[in-house]
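this one's sequence-less:
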């Protein structure tokens with residue numbers, strides 16, 4: 001009986017540790033951006049996921065990236081390049097929710113960006129759990 005309790009305790013502790021590791025791996029890093037001429041940031045990740053948005057493809061449970069803007073930015077571009085699949089770029093922020101589909105593996109959203117927090121999600125319309133490497137660039 002003691003061995004069973006010890007085994008259950010070990011399994012429970014391992015399950016909790018794996019859950020925390022898995023949860024931590026899906027958390028997006030928050031990037032603070034301010035108006036800066038010539039700003040250029042490149043990030044990488046995997047597109048897609050298992051959540052069907054019904055309009056912007058399949059996405060993961062959490063954002064791929066999060067950006068915060070302390071002040072408005074007059075002109076900024078967020079662009080993805082994906083080799084494979086049917087990628088989408090979904091951005092949710094203070095002005096609403098915007099989705100664009102990639103053409104030839106490239107999608108972008110450019111324009112005026114009001115201050116606030118933005119979640120960036122790279123989805124895929126190919127199907128659940130279809131994942132492809134992408135490069136995301138943020139430019140001012």
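It's in. Everything numeric here is computed off the predicted structure, so don't read it as measured data.

so which bits of the host helix or strand of residue 123 are buried?
Assessed by DSSP states H and E, residue 123 sits inside strand 116-124. For strand 116-124, burial by neighbour count (16 or more other Cβ atoms under 10 Å) applies to 118, 119, 120, 121, 122, 123, 124. (C-beta placed from N, C-alpha, C; glycine too.)

after the one helix or strand in the chain whose mean pLDDT sits lowest, next one along is what?
Every helix and strand of the chain was ranked by mean pLDDT, DSSP states H and E. The lowest is helix 2-26, at a mean of 39. As assigned by DSSP H and E, the chain's next helix or strand after helix 2-26 is strand 30-33.

and the closest residue to residue 129 other than its chain neighbours, what's its pLDDT?
Once flanking residues are discounted, residue 129 sits nearest to residue 50: 5.4 Å by Cβ to Cβ, 6 or more residues apart in numbering. With respect to pLDDT, residue 50 scores 96.

which ones are touching residue 50?
58, 60, 61, 128, 129 (Cβ atoms under 8 Å, 6 or more residues apart in numbering).

same check, this time on residue 135
Applying Cβ under 8 Å, 6+ apart, the residues near residue 135 are 42, 43, 44, 80, 81, 82.
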